[in-house]
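1. Model the structure of this input:
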Amino acid sequence: MKKIYVVRHCQAEGQAPEAQLTAEGAKQAEQLAVFFEGITLTKVLSSPFVRAMQSAEPLAREQKVEIVVEEGLAERVLSTAHMDNWLEKLQETYRDLELSFDGGETSRAAMNRIVSVTEALWNEDGEAAVLVTHGNIMSLLLKHYEESHGFATWVKLTNPDVYVLEKEADIVSVQRVWKE
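-> Got it, this is the predicted structure:
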């Protein structure tokens with residue numbers, strides 16, 4: 001694979017795995033399909049969460065490829081316990097990649113999970129692939145390839161958002177390509 005596009009899902013009704021796209025999110029998913037016109041995609045992979053699948057559907061339809069459901073693209077669980085200060089706690093997990101909370105996944109574990117998906121794709125034939133995922137895990141993937149990404153990147157992500165990863169001589173570059 002020469003390029004991997006990483007897409008944050010479109011606007012959704014909530015954070016639960018079964019949360020669907022809003023009416024605006026459905027329009028955004030159609031805009032994503034238009035955004036990728038002229039780019040030949042070999043694969044479209046999606047988180048199993050409904051909002052990610054719905055974000056990928058118009059793109060897969062237009063590209064005439066099936067969506068591959070990839071568990072490694074699921075959003076990271078910060079904690080299974082309610083936290084009033086979840087934003088502060090999330091920020092802490094970008095400073096300490098080994099930090100975890102009740103029932104939650106460390107940043108390092110989530111990062112390794114999504115990196116394993118991209119690393120497998122680099123070895124496949126094709127021009128480009130798309131990964132449709134979620135903001136937190138997406139920002140951790142970007143951080144893996146370029147240390148400058150992290151919590152501040154997560155804060156600035158839009159719904160949807162698109163970054164492209166390009167690999168040349170074992171060096172991966174990261175660039176935001178979505179224009180709102």
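2. and stretch 159-168, how far from the chain's centre?
-> 9 Å (Cα atoms, centre = their mean, to the nearest Å).
3. got the CA coordinates for that stretch in CSV?
-> Extracted in CSV, the C-alpha atoms of stretch 159-168 (Å, rounded to 0.1, in the frame of the first residue of the first chain):
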residue,chain,number,x,y,z
ASN,A,159,-16.2,15.1,12.3
PRO,A,160,-15.3,13.9,9.8
ASP,A,161,-11.5,14.5,9.4
VAL,A,162,-9.0,12.9,7.1
TYR,A,163,-5.3,12.4,7.4
VAL,A,164,-3.0,10.6,4.9
LEU,A,165,-0.1,8.5,5.9
GLU,A,166,2.6,7.9,3.2
LYS,A,167,5.5,5.5,3.7
GLU,A,168,8.8,5.9,1.9
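4. pLDDT averaged over that stretch - what is it?
-> In this model, stretch 159-168 has a mean pLDDT of 96.
5. Stretch 60-72 now?
-> 97.
6. And stretch 6-19, by the same measure?
-> Here the average pLDDT along stretch 6-19 is 96.
7. Return the set of buried residues in that stretch.
-> Val6, Val7, Arg8, His9, Cys10, Gln11, Ala12, Ala19 (16 or more other Cβ atoms under 10 Å). Every residue, glycine included, has its C-beta placed from N, CA and C.
8. what secondary structure does the residue in the chain sticking out farthest from the centre sit in?
-> The C-alpha centroid of the chain is most remote from Asp84, which lies 25.0 Å away (Cα atoms, centre = their mean). At Asp84 the chain is in coil, as set by DSSP: H, G, I helix; E, B strand; the rest coil.
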